[in-house]
Each structure stands twice: as structure tokens, then as C-alpha cells.
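J.: predicted model follows, preceded by the sequence.
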Amino acid sequence: MRAHIAALPDTEDGVDPTFRISESGPWTVLHVHGEIDMASAPAVRRAVVDLVGGGIRWLVLDLGDVGFVDSTGLGVLVGALKRVTSAAGEMTVVCGRENILELFRMTRLTAVFAIYDDVASACERVPSSPDAEVPPR
């Protein structure tokens, strides 16, 4: 794993959310476990800020283990997309839970985010940037 992405926001035991990072080609996958709501959204924001600040340009946000997202959480997801794209990167979302997909549909965020059913499908996507190479490890 790249050293510059090893640090994640501190979370107390039992407090949502928790994070795990993996990599696939040029993509860094931030797996989020728990809920993304008013109380936990700042931790998600910090994780994305730390990753982008560490040089990550191609981010897959895996919400497969997220059971609930509120309006604050949606705002953090939109902010994450803006942060990644302002760094000349791309972000995709993995979400297979119908309750969260319905939230994306109701808010019309399906037109904003590239949403995939699983991490493997999201990582098959080739970043559109011509210099999308796997960063050195």
C-alpha cells in the first residue's frame, strides 16, 4: 500500500464509519463501513481530503457496507466528487443497496455520479485522463 494513504481519520471503537483502503490499477478504493450521517460525515470528508491531499487522483468510493446516508452524507459525497475532480481526477461510487440507490435516484445524483454495482466493475473503468498511470508504490 502506498505510504501516503496509510493514515485515515481516527475513529473511536464502535463509532461509524470505519474505513479500509485497497488498490486496483490506477484506482484507490476507499471502502466505507457503517453510516454516513451528520455525526459521521466529517470522518468521511477527512478521509477523502487526506487521500486527495496525498496525491490520489482516481478514487472509488465503496458504499457497499454503508447502511444509511442522510442529506449531510450526500453533501459530503458531492463535496468529495468536487474535490477529486478539482485535482484533475475522477471518482466513482459503488453501491448495491437499494435504499441508498433510491436516495441517489430521488435526488437525481445518478446523473452526477458514475455508480457501479461492485468494486471490480468500477475498477475496470479506464480513467479518462491521458496520463492515468499506476502511481509508484
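T.: Structure's in. What do you need?

J.: what helix or strand is the residue nearest to the spatial centre of the chain on?
T.: Of all residues in the chain, the one closest to the mean position by Cα atoms, centre = their mean is residue 61, 2.3 Å from it. Using DSSP states H and E, residue 61 maps to strand 58-69.

J.: pull the contacting residues for residue 127.
T.: Residues counted as contacts of residue 127 (Cβ atoms under 8 Å, 6 or more residues apart in numbering) are 26-27, 57-58, 89-90. Any C-beta I mention is one placed from the backbone N, CA and C, and that applies to glycine too.

J.: quick check: the closest residue to the residue nearest to the centre of the chain other than its chain neighbours vs residue 48, distance?
T.: Once flanking residues are discounted, residue 61 sits nearest to residue 93: 5.1 Å by Cβ to Cβ, 6 or more residues apart in numbering. Separation of residue 93 from residue 48 (Cβ to Cβ, to the nearest Å) stands at 12 Å.

J.: give me the common contacts of the two.
T.: residue 61.

J.: wait, the residue nearest to the centre of the chain sits on residue 100?
T.: No: using Cβ atoms under 8 Å, residue 61 is not in contact with residue 100, being 11.7 Å away.

J.: report the buried residues of the longest helix seen in the chain.
T.: Ordering each helix of the chain by length in residues (DSSP state H) puts helix 71-86 first. Applying a neighbour-count criterion of 16 or more other Cβ atoms under 10 Å, one finds 72-74, 76-77, 80-81, 83-84 buried in helix 71-86.
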